[in-house]
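K.L.:
just need the structure, nothing else, for what follows:
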Amino acid sequence: MSIKRLTLAASLAASLLLAAPAFAADYVQAAGSSLTFASKYEGEVFTGRFSTFATNFSFDPQALATAKLDVTIQLASASTANTDRDDALKGNDFFASGKFPQARYTATKFRSLGGNQYAADGSLSLRGISKPVTLTFTWTPGAKPVLTGKATIKRLDFGVGGGDWADTALIPNEVAISTKVVFAPPK
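P.N.:
Next up is the predicted model:
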């Protein structure tokens, strides 16, 4: 085989490999993950966490078009370290966790914000209502990759804090959500 043919064959093989579509790696949430929220009651800041949530993430920074994020949150796992508030959160005026045991966030549209910063444009389903929510996050690759993200939701859009609790002078409409999800290596 001539050098010219060998070079042509190598070039063709390389171009086929480069043209192959990139596929995202599939990640599953591992220990060390957290999902928290923060708001105010009569001007006093309080924070809480969901102790039970599950995250599945299909992600490759070079193939954002194939990325997918799916988070299921058990609403009864909400805890603010205040028994009265925790009971109220589970009740009908807030999460109504007896009727709506789970919230779910799904995203299939991702944007690069530069560096290792991204935005996931998705939908949050809470209390039977779905609304768009954008999660901005930092992606830290490695043996145990980490997604560290933030979002703001408007609780009244989902009917959270109805009745007397709808007064935004008592509780602001905006709730800050923060997450740190540690992932097991892709399979």
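K.L.:
point out where this structure drops to low pLDDT.
P.N.:
1-24, 186-187 (pLDDT under 70).
K.L.:
make it 90
P.N.:
1-25, 162-164, 185-187 (pLDDT under 90).
K.L.:
can you give me the strands in it?
P.N.:
Assigned by DSSP state E, the chain shows strands spanning 25-28, 34-41, 44-50, 53-59, 68-74, 78-79, 102-114, 117-126, 129-140, 146-154, 174-182.
K.L.:
wait, what's in contact with the spatially closest residue to Ala120 that is not a sequence neighbour?
P.N.:
Of all residues not flanking Ala120 in the chain, Ala107 sits nearest, at 3.8 Å (Cβ to Cβ, 6 or more residues apart in numbering). Every residue, glycine included, has its C-beta placed from N, CA and C. Neighbouring residues of Ala107 by Cβ atoms under 8 Å, 6 or more residues apart in numbering: Ala67, Lys68, Leu69, Ala120, Asp121, Gly122, Ser123, Leu135.
K.L.:
try 7 Å this time
P.N.:
Residues counted as contacts of Ala107 (Cβ atoms under 7 Å, 6 or more residues apart in numbering) are Leu69, Ala120, Asp121, Gly122, Leu135.
K.L.:
how about Thr47?
P.N.:
Residues near Thr47 by Cβ under 7 Å, 6+ apart: Thr36, Phe37, Ala38, Thr80.
K.L.:
ok, Ile153 - contacts?
P.N.:
Contacts for Ile153 (Cβ under 7 Å, 6+ apart) come out as Leu124, Val133, Val175, Ile177.
K.L.:
reformat the strands of the chain as CSV; add distance to Arg85.
P.N.:
Shown next, in CSV, are the strands of the chain (distance: least, Cβ to Cβ, whole Å):
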stretch, distance to Arg85
strand 25-28, 32
strand 34-41, 8
strand 44-50, 7
strand 53-59, 19
strand 68-74, 18
strand 78-79, 9
strand 102-114, 18
strand 117-126, 18
strand 129-140, 22
strand 146-154, 18
strand 174-182, 14
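K.L.:
so for Gly162, which of the ones you listed sits nearest?
P.N.:
strand 129-140 (11.9 Å; Cβ to Cβ).
K.L.:
how big is the angle separating that closest one from strand 117-126?
P.N.:
150 degrees (axes from the mean of the first three to the mean of the last three Cα atoms, to 10 degrees).
K.L.:
can you list contacts of strand 129-140?
P.N.:
With Cβ under 7 Å, 6+ apart as the contact definition, strand 129-140 has outside contacts at 61, 105, 107, 113, 116-124, 145-151, 153, 157-159.
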